[in-house]
Structures are given as C-alpha cells and as structure tokens.
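Chemist: Return a 3D structure for these sequence lines:
(2 chains)
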Amino acid sequence: DIQMTQSPSTLSASVGDRVTITCRASQSIRSWLAWYQQKPGKAPNLLIYDGSSLESGVPSRFSGSGSGTEFTLTISSLQPEDFATYYCQQYNSYSRLTFGGGTKVEIK
Amino acid sequence: EVQLVESGGGLVQPGGSLRLSCSASGFTFINYAMHWVRQAPGKGLEYVSAISINGGSTYYADSVKGRFTISRDNSKNTLYLQMSSLRAEDTAVYYCVKPRIFGVVLSSFDFWGQGTLVTVSS
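Modeler: Modelled structure (predicted):
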C-alpha cells in the first residue's frame, strides 16, 4: 500500500504569512495527488488536483507543486479564512486512495 | 447543483449492522464511480470503499474488507454502504463522495456529502 506522510502535523502562522505544507508518498504516484481543506464540522473541500491544478473557485493564493514522491501545497499570503486542516490524497493506486494524516494551520 | 445526502447513521451495538444511503442529484449519477470516506472523531480522513459506474467493480480498505459492502442503484441515483460486524473503531462520520472525473474510480473528489455519524457502542 502507498503511504502518504504529511508535514508538519501542526503549523502556527500569522495572517499574511507564506505557508508551505509537504506531502511525501512511499512510492511514485506520478502527479496523482489532491489537496483538500477541511474546517471544523464541515466536509473537506477540494483545492488542488493532479498535483498542481487549481480547482474552480479556489483562490489563486493556493498552489500545488511536485511529482513522483514529493509534493507541496503553498498558501502565498495566509488569510483568516484559511485557518483549517489540510489533507493530501493519492489516487494513483487502487489498493487505497490514501490520505495523508493532515496538517492543522493555527493562528500564531 | 450537485447534492449528496447521506442517511442511515446512528447508534449501533458492537457486532451489529447498519446500512447507509446516499441520495445523489445535480449530476448524471450513472456516469460516475462513487466512494465512501470516513472520519473518526478528532481524527483524519480514511478511505473506505469505491464502486464503478455499473457496480461491477468494488474496492475496500483492508480495515473494512469482508464486513462492508458497497452497492448502487442507478435507477434511484442512490449509493449504499452495508456495514456488518461493526466495531468500536468503525465509529466515524461517513461521507459519500463524488469523483471529479466521470467514468473512473481513480480521481480526486470534487463533491462531498454532509456526512452521517455512525456510533458503535454498547
């Protein structure tokens, strides 16, 4: 099974900060990676698909990069509404469409 | 507007059974594989199961294989998850999820239901 490892698990930042979250796959997943944002009590929301494609309606301050085994989600200038938990997910393998463990972005 | 509405959650004793339903609207259901994802209280997301567009292929996480059965009724635009031999560790919010790409199982997810809570406890 492909394992997805996110880091850090928690991140403290201020409004306006540039934030980067990393997701590593245990084997190559090409570009088959998505990023989701989840706020408390809500379902996750798709931000990025295919490693770097921005989902329609998602602000351009969100960007994704990477391929193979290492991927990053970057928020160029953190906004108050961006404090949430972020998850990566691989969809390269039928064995499991695995999620990373999550990164909680907190107010510093 | 895409809508996914889950139902059927509740409190069940260990070893019991429950069937979740997901009523889909706003898209051509028969053209999309469908998925279930769950989230235990205070924990991360866990992939549970997927079903192909015609129901001919199904996929399960190791943690539920042999206990859960995914199915669909394309005439009713409804997805199901039959859960049996339930354990305390199955306690979670269960989300019905639509893939972004039609026709394929391997895809990111662009729409999620609001979730239904399953609590396994005596």
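Chemist: what residues does chain B put near chain A?
Modeler: By C-beta under 8 Å from any C-beta of the partner chain, the residues of chain B that approach chain A are B:35, B:37, B:44-47, B:50, B:59, B:61-62, B:95, B:100, B:105-110, B:112-115. The way it works is simple: take the backbone N, C-alpha and C, and place the C-beta from them, glycine included.
Chemist: Spatially central residue in the chain, please.
Modeler: The chain I'm using is chain A. Centroid-nearest residue in chain A, with C-alpha atoms, centre = their mean: A:W35, separated by 3.7 Å.
Chemist: my bad, chain B
Modeler: B:W36 (2.8 Å).
Chemist: measure it to A:I48 for me?
Modeler: Distance from B:W36 to A:I48, counting by C-beta to C-beta, to the nearest Å: 22 Å.
Chemist: again with B:Y94
Modeler: Separation of B:Y94 from A:I48 (C-beta to C-beta): 24 Å.
Chemist: which residues touch the closest residue to A:W32 other than its chain neighbours?
Modeler: In space, and not counting its chain neighbours, A:W32 is closest to A:N92: 4.0 Å by C-beta to C-beta, 6 or more residues apart in numbering or on different chains. For A:N92, the contacting residues are A:2, A:25, A:28-30, A:32, B:106, by C-beta atoms under 8 Å, 6 or more residues apart in numbering or on different chains.
Chemist: Need the contact partners of stretch B:57-64.
Modeler: Outside stretch B:57-64, the residues that touch it by C-beta under 8 Å, 6+ apart are A:1, A:94, A:96, B:46-52, B:68-70, B:83, B:89-90, B:105.
Chemist: among those, which are in helices?
Modeler: Judged by DSSP state H, those include no members of helices.
Chemist: Just the CA atoms of stretch A:61-73, as PDB, please.
Modeler: Taking C-alpha atoms only, stretch A:61-73 is exported to PDB below (Å, rounded to 0.1, in the frame of the first residue of the first chain):
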ATOM      1  CA  ARG A  61      -3.200  32.200  -3.300                       C
ATOM      2  CA  PHE A  62      -3.300  28.400  -3.200                       C
ATOM      3  CA  SER A  63      -0.900  26.500  -5.300                       C
ATOM      4  CA  GLY A  64       0.400  22.900  -5.600                       C
ATOM      5  CA  SER A  65       3.600  21.500  -7.000                       C
ATOM      6  CA  GLY A  66       5.600  18.300  -7.200                       C
ATOM      7  CA  SER A  67       5.500  14.900  -8.800                       C
ATOM      8  CA  GLY A  68       6.700  11.400  -8.100                       C
ATOM      9  CA  THR A  69       7.000  11.200  -4.300                       C
ATOM     10  CA  GLU A  70       7.200  14.800  -3.000                       C
ATOM     11  CA  PHE A  71       4.500  17.400  -3.200                       C
ATOM     12  CA  THR A  72       3.900  20.800  -1.600                       C
ATOM     13  CA  LEU A  73       0.800  23.000  -1.000                       C
END
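Chemist: And residue 59, what's its pLDDT?
Modeler: Because you didn't say which chain, this covers chain A. For A:P59, the model assigns a pLDDT of 98.
Chemist: could you do chain B instead?
Modeler: At B:Y59, pLDDT is 93.
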